[in-house]
Structures are given as structure tokens and as C-alpha cells.
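>>> Model the following, please.
(one chain, ligands or ions: 3)
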Amino acid sequence: MNEAPTSALLSVAVDAPLVAPLSYSAPDGDASAFKRGHLVRVPLGRRKVEGVVLGPTEATGAFSVKSIDSLVSEFPQIPEPTLSWLEWLSRYYLYPLGQTLALCYPPLKSRGRGSRKSSPIPEATAEVRVSLTEEQQQVLASIRAHPGFSAHLLHGVTGSGKTEVYLNLIADTLAAGKRAVVLVPEISLTPQLLRRFSNRFPGQLAVLHSHLTDREKTEQWWSMIDGSRKILVGARSALFCPLADLGLIIIDEEHEPSFKQDEMLKYHARDAAVMLAKSHNCPIVLGSATPSLETWHNVSLNKYHLHTMSRRVADRQLPTIEVVDMRSERDQRRLAGTASNLPFWLSQVLYEQLSACFARSEQAALFLNRRGIAQSVFCPSCGTSYECPNCSISLTLHGKNHLVCHYCDYHERLNETCRECGSLDVGPLGLGTELVEQDMVRLFPSLRVARADRDEIQSRLDLEQMITSMEKREVDLLVGTQMIAKGLDFAGLTLVGLVMADVGFNLPDFRAAERSFQLLTQVGGRAGRHSEAPGRVIVQTYNPAHVSIVYSLQNDFVGFATEELNMRRSLNYPPVMRLACLRIIGNHEARTQQAAEALGRRCSLLQQQKQPYQPLQILGPAPAPIAKLRGKFRYQLLIKSPDHARLAALCRQALGDEKWLPSGVKVLVDIDPMNLL
Ligand code: ADP
Ligand code: ZN
Ligand code: ZN
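Residues are numbered from 1 along each chain as shown. Ligands and ions are numbered 1, 2, ... in the order given. Now for the predicted structure:
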């Protein structure tokens with residue numbers, strides 16, 4: 001029944017860095033066999049590539065059109081809601097559609113068959129059913145009251161039982177014959193977590209994360225597509241599994257910056273997931289003890305429904321947090337005159353608590369914040385940090401005494417004395433996990449220490465071994481970076497020390513205070529989760545009045561968020577304004593700088609010429625804080641805008657056809673950037 005004339009041409013988004021889709025004819029001239037969402041093989045130049053059919057298109061020019069090679073029939077059509085979501089992603093993040101669509105397919109094109117040796121999912125053991133707390137029941141009832149698309153923030157303190165809420169919502173979804181996707185930060189995808197899901201839903205779980213082999217990923221992908229599994233738990237990229245009957249999305253630890261991909265398609269999985277839920281008309285639940293300000297802002301705009309759980313399950317107490325002022329610690333040591341036997345980074349209070357903890361045969365953890373490698377400068381006498389007068393972010397030290405703002409390119413000379421108190425101690429902050437480990441072993445010679453940082457924990461196996469040795473109590477002290485501050489849950493851990501909180505405040509990033517608040521709260525959430533006595537957290541700082549410390553001490557997220565949002569508003573930062581980062585990267589320093597300046601001029605010119613762009617702000621170009629990475633020079637340009645539409649339009653027009661770019665230099669667009677290093 002081909003009464004409608006089968007349009008001769010089909011529009012295909014090919015897996016290549018092309019802005020627009022291409023037109024192909026159907027083999028034998030019969031386009032009716034090719035539906036929107038079909039995967040096809042097509043010729044491109046001398047190569048054959050894959051592409052996704054978008055639909056019929058009109059013939060445009062007289063040039064000869066090539067024919068589609070074949071339909072890749074093993075793969076199902078991408079369901080319409082997912083396909084329109086992918087088109088949105090490509091437009092929103094300015095990334096080629098064909099390459100966006102390519103993320104929907106498993107790494108291996110042939111379906112994995114044959115013997116499966118080991119499953120990435122732990123065996124299900126019998127689960128102990130719990131009766132829900134009052135708070136859990138209330139939250140469930142109010143989420144269930146919103147059928148269809150609705151976005152929910154579940155703001156629950158650590159240990160309030162958020163996972164139990166997720167499990168109940170998933171059970172609803174399966175009962176309705178639909179499937180659920182649960183995204184968690186890669187680092188939290190531990191056997192401990194998977195076991196909680198697979199115990200409740202034996203045989204129903206699939207898992208996707210970057211540490212699986214290609215064969216495993218392909219098997220897991222198919223088990224969701226063919227319907228043999230119903231719940232997909234994974235890291236951010238699991239969102240791209242093209243499920244037809246999606247009924248629920250959950251994003252746990254929604255504030256985690258690792259949900260943002262920094263390369264290729266620079267999507268934020270949380271924001272992308274909200275759009276995916278919208279196109280599938282299903283609910284989405286964002287969970288966190290310390291919601292991102294983006295999400296909190298959306299709550300205040302009534303875009304997301306807020307649900308709060310303010311108590312730990314079984315009335316377990318939140319940890320007691322104690323702040324140690326390292327300035328007075330240092331003054332006391334100076335007054336005492338005798339050299340302390342304690343290293344400079346360890347206060348008397350923390351030392352005594354550690355001794356007591358080890359004497360009780362309990363476990364302790366010491367955290368160091370080592371995010372980013374940019375150098376920021378501060379004064380240990382008065383706690384002053386050196387900030388840009390325009391941008392209110394830390395200046396970065398270049399060379400010996402050259403301070404630079406990498407947002408707006410403000411420059412200043414670093415004097416030898418502190419501009420506030422005249423002290424001579426001004427300098428970069430620095431302390432590593434190795435030094436902490438050495439000092440601790442010197443103080444406690446029989447101590448069994450495990451170190452967890454990027455050098456020590458490079459694979460999932462390393463992480464799992466570390467977890468096992470903590471669980472088996474083969475370790476007394478864990479020394480680690482913020483990478484281990486999240487999600488871990490050890491019965492014997494009762495004392496947590498944050499060694500130098502200031503490193504976090506002084507990062508050259510407008511989100512530094514937010515990150516610090518999150519870290520302080522999450523770190524606190526690690527201690528005493530199982531014991532009857534509350535855990536103890538000790539925060540050492542040179543700046544005890546910092547907003548992130550003051551509010552996390554009172555466990556006051558709302559107070560923090562209100563104050564921080566006011567700051568963001570007054571400085572035109574996200575989430576009040578939208579931000580794009582254009583990063584200019586090249587092999588040759590002068591050429592890269594010239595290209596960055598040229599791009600800056602193109603942006604300014606557009607702004608002068610076009611009235612709608614007037615409210616936008618263009619900052620820089622400036623050298624990126626990591627000014628050279630893997631042999632390439634890096635500059636950046638920041639653009640602030642009241643809305644996304646004008647931001648994306650300006651970026652698109654400023655880039656143009658990119659023919660103005662010198663060879664060896666490229667521009668990467670990052671919409672809603674999280675990482676500005
Ligand atoms: P969160 O994700 O909010 O930090 P979890 O979901 O991990 O909290 O719950 C903390 C602990 O409390 C877990 O060990 C969990 O099994 C337990 N738990 C959760 N809900 C209940 C309940 N209703 N009754 C008893 N224990 C519960
Ligand atoms: Zn000072
Ligand atoms: Zn600045």
C-alpha cells in the first residue's frame with residue numbers, strides 16, 4: 001500500500017562531526033522500508049559510516065545523491081521520545097546530532113552470546129524488609145500523587161533512608177509494566193550499592209558503567225532492550241540506553257559534579273535526565289543531602305517539587321562536628337616556645353581524638369581536599385585568601401609572584417607581606433596524602449593505614465579492595481582525598497577529620513563555597529552511620545567563619561543555599577544566570593592566544609550589532625587556570641546570559657564555519673560548565 005509517493009530522499013544524521021544531517025536516497029528507490037530512528041550504513045566520502053534516519057526530506061540541489069547502503073536490522077528503532085530528546089541534546093549542547101545519536105548503541109555491534117563467565121552484579125541474598133518511617137511514607141505518598149512527568153527533589157539528610165524510597169518507587173514502576181533507570185556517581189557504584197538493589201529485585205537488574213568490558217556492556221545493554229531486565233543502574237552514560245517504556249528516572253547524589261561530562265558531548269546527566277523524563281512523560285526523582293544550587297533554584301521557581309527527610313532512620317544521631325581554628329593552634333604552639341611533636345597540619349584536638357579512637361579499636365578517616373591542581377594563595381596568619389575584585393573567585397599564582405584571575409584576566413603582583421595583617425607567611429596551600437600518612441605512622445607506629453587518592457585507587461578493583469579491607473577491619477586509618485568522601489559506608493568508622501578545609505574554599509571556581517559545604521556534609525555523613533553513639537567529625541581550618549563551615553555546623557542547607565544564591569545573583573553567576581565556557585586549545589602558544597582574542601572580538605562584535613545580545617556579558621579571554629595540559633595551550637572565554645537561547649545562539653554565530661580559526665587551534669563549547677579549571 002504505497003499510495004503516498006515515497007519521498008525519494010531520506011535525511012540521515014551520520015556519525016561524523018557534521019553540523020547538519022545529510023540526504024541519501026533509498027536503495028531501489030523505496031524509502032518506505034526506512035523509518036525514523038532506524039540505524040543504517042551509508043557511504044561518506046570513501047568510508048562507510050553509520051547513521052540514524054531522521055525522516056523523509058526534499059531534494060535540494062542538483063548534485064548527485066548517494067544511496068543508503070543497508071539497514072542495520074539487529075538494532076531496534078530508537079523510540080520517538082528518546083529520539084526527540086537526542087535532537088534536543090544536540091541543539092542544547094552544540095554537538096553534532098550524528099555523534100550524539102551514536103551514544104545510544106552498545107560498544108559491540110554483534111550481540112554477545114555464549115557462556116557468561118562472571119556477572120557484574122552481585123548475587124542476591126535474602127533481603128530483610130523494613131517498615132517505612134513516617135517521613136519515607138509521606139514522601140512516597142506525595143511523589144505518587146503526581147502521575148506523568150513531574151520532577152522531584154528528595155532532600156534527605158545522610159542516613160535518612162532515601163534509597164528505601166527509590167526502591168519503593170521502582171516497585172511501582174515495574175508493577176505498571178515499565179522500566180526504571182537509576183543514575184549514581186561512578187564512584188558510588190559499589191557492590192554494596194548494587195546488592196541493595198539486587199536483593200530487592202533479584203534477576204531484574206542491569207548495570208552500566210565505564211569499568212565494564214565492552215562485552216559486558218553490550219550484554220547489559222541488550223538485557224534492558226529485550227526486556228529480560230527491568231532496572232538499569234548506572235553511571236551517567238546509562239541514560240543513553242534507548243528504552244521504549246521508561247517509567248521512572250532516579251538520580252542519586254544529584255549534586256555530584258561528575259554527572260557532567262567534560263569532553264565530547266558535554267552534557268549534564270541530571271539536566272539531560274529531566275528532559276528525558278519529560279519526553280517520556282514519566283516522573284524523575286533527584287536525591288541529595290546537599291542539593292545543587294541549580295536544583296534548589298528550580299525548586300524555588302516551582303519547577304521541581306520539594307520533599308524533605310530531616311531525620312536519620314531509627315533516630316540515629318547526626319555526627320557532632322567540631323571546628324578547630326588552626327590560627328590559634330599555631331599561635332599557641334609559638335607561645336609555648338618548644339617545638340611541638342605534632343606536624344603542622346595536625347591539631348591537638350584531632351590528635352587526641354585519633355588516639356582515643358584507635359584505643360577503642362575503631363576506625364578513623366582523614367580527608368584532604370585536593371581538587372584541581374591550580375595554585376591559590378592564602379595567609380595562614382589571618383586566613384585571608386586572594387580574590388579577584390571583579391569575580392570574587394580566588395586568584396591563581398603563576399610563577400613566583402604573579403596573580404591572575406582566569407575568568408576576567410585581572411592581574412596583580414603578590415607582595416611578600418599579607419595585605420591584611422602584614423604577615424610574611426603568605427603562600428600557596430599545599431599538603432599531600434603521602435605526607436599525612438608518613439606523619440601518622442611516625443606518631444602511631446603500629447597503625448595500619450590505607451591511602452585512597454588518584455595514585456593509589458586507579459581502578460574499580462583498587463577501590464573494591466580498599467572497601468573490603470576497611471570492612472574486614474584490616475585498616476585502622478583511611479587517608480584520602482575527596483574522591484572517597486562520598487557514598488562509602490563503614491560500620492567501624494566513627495571519627496572523620498577534614499585536615500585543611502581551606503583548600504576547598506580557595507579554589508578558583510565560583511562554586512568553591514558550594515563544593516565545600518557539600519564536602520563537609522558528606523564527610524560528616526560517613527561517620528557513625530551504624531553505631532548508637534554519634535560519629536565525630538573534626539574540621540581543621542584557618543577560616544572558621546567561612547559560610548560553608550558556619551552553615552554545615554548547624555546542618556542548615558537552606559540557610560546556606562539562600563545566602564549563596566544571593567551571592568550568585570549579585571555577581572551574575574549560575575544558576576541565576578546561564579554560563580558558557582568557550583575553551584580555545586592549540587599546539588602553539590601565540591597562535592592559540594591570537595585565536596582566543598579573535599574569538600573574543602567576534603563575540604563582542606555580535607553583541608554590538610545585535611540588540612538581543614546586549615544583556616549578555618563576555619569575560620576574557622584569559623589563560624585557563626591549567627594553562628597547559630598534555631602539551632596544549634589553553635585559553636578560555638566565559639559568556640553569561642539571562643537565558644540559554646541567546647547564549648547558544650551567540651556561541652553558534654561566533655564560531656560560524658570555524659574557517660577563521662588558524663590551523664592547529666580548536667574551540668570547544670561547554671554549556672553550563674562545571675569544571676572551569
Ligand atoms: P541515605 O541514602 O538517605 O543516606 P540509606 O537509604 O542508605 O540513607 O539508609 C540508611 C540506612 O538505614 C541503611 O542501612 C538502610 O538499610 C536503613 N534503613 C532505611 N530505611 C529504613 C527503615 N524504614 N527502617 C530501618 N532501616 C532503614
Ligand atoms: Zn594575613
Ligand atoms: Zn576576575
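
>>> how about the helices in the stretch 251-400 of the chain?
Along the stretch 251-400 of the chain, the segments classed as helices by DSSP state H, counting those that start in this stretch run 269-280, 293-300, 326-336, 348-359.

>>> Out of these, which is closest to ligand 2?
helix 326-336 (9.5 Å; C-beta to the ion). In this view, the C-beta of every residue, glycine as well, is placed from N, C-alpha and C.

>>> Comparing the helices of the stretch 251-400 of the chain by mean pLDDT, which bottoms out?
Taking the average pLDDT of each of the helices of the stretch 251-400 of the chain, the minimum falls on helix 326-336, with a mean of 84.

>>> May I ask which helix or strand of this structure has the lowest mean pLDDT?
None of the helices or strands of the chain scores lower by mean pLDDT, DSSP states H and E than helix 502-505, at a mean of 76.

>>> Show me what the helix or strand residue 170 falls within is packed against.
If you go by DSSP states H and E, residue 170 is part of helix 162-175. Packing partners of helix 162-175 (3 or more C-beta pairs under 8 Å, 6 or more residues apart in numbering; DSSP states H and E): helix 134-144, strand 150-156, strand 179-183, helix 191-200, strand 246-252, strand 283-288.

>>> buried stuff in that helix?
162-170, 172-174 (16 or more other C-beta atoms under 10 Å).

>>> Go ahead and name everything in contact with it.
130, 132, 136, 139-140, 143-144, 154, 156, 179-180, 182, 196-197, 200-201, 204, 230-231, 247-248, 250, 252, 283, 285, 287, 309 (C-beta atoms under 8 Å, 6 or more residues apart in numbering).

>>> Where does the closest residue in space to residue 69 that isn't next to it in sequence sit: helix, strand or coil?
With sequence-adjacent residues excluded and distances taken as C-beta to C-beta, 6 or more residues apart in numbering, residue 69 is closest to residue 41, at 4.3 Å. Assigned by DSSP: H, G, I helix; E, B strand; the rest coil, the conformation of residue 41 is strand.

>>> tell me the pLDDT at residue 41?
For residue 41, the predicted pLDDT is 97.

>>> Which one, of the helices of the stretch 251-400 of the chain, ends up nearest to residue 568?
Closest to residue 568 of those is helix 293-300 (C-beta to C-beta; 6.8 Å).

>>> Between strand 246-252 and that closest one, find me the angle.
Put simply, helix 293-300 runs at 120 degrees to strand 246-252, going by axes from the mean of the first three to the mean of the last three C-alpha atoms, to 10 degrees.

>>> Could you list the buried residues of helix 293-300?
293-299.

>>> circling back: from the helices of the stretch 251-400 of the chain, which stretch is densest packed?
Sort the helices of the stretch 251-400 of the chain by mean neighbour count, taking mean count of other C-beta atoms under 10 Å, and helix 269-280 sits at the top with a mean of 22.

>>> got the CA positions of that helix in CSV?
This file holds the C-alpha atoms of helix 269-280, laid out as CSV (Å, rounded to 0.1, in the frame of the first residue of the first chain):
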residue,chain,number,x,y,z
ALA,A,269,23.3,13.9,33.1
ARG,A,270,20.9,15.4,35.7
ASP,A,271,19.6,18.1,33.4
ALA,A,272,19.5,15.7,30.4
ALA,A,273,17.6,13.2,32.6
VAL,A,274,14.9,15.8,33.4
MET,A,275,14.4,16.4,29.7
LEU,A,276,14.3,12.6,29.0
ALA,A,277,11.7,12.1,31.7
LYS,A,278,9.7,14.9,30.2
SER,A,279,9.8,13.4,26.7
HIS,A,280,8.7,10.0,28.2
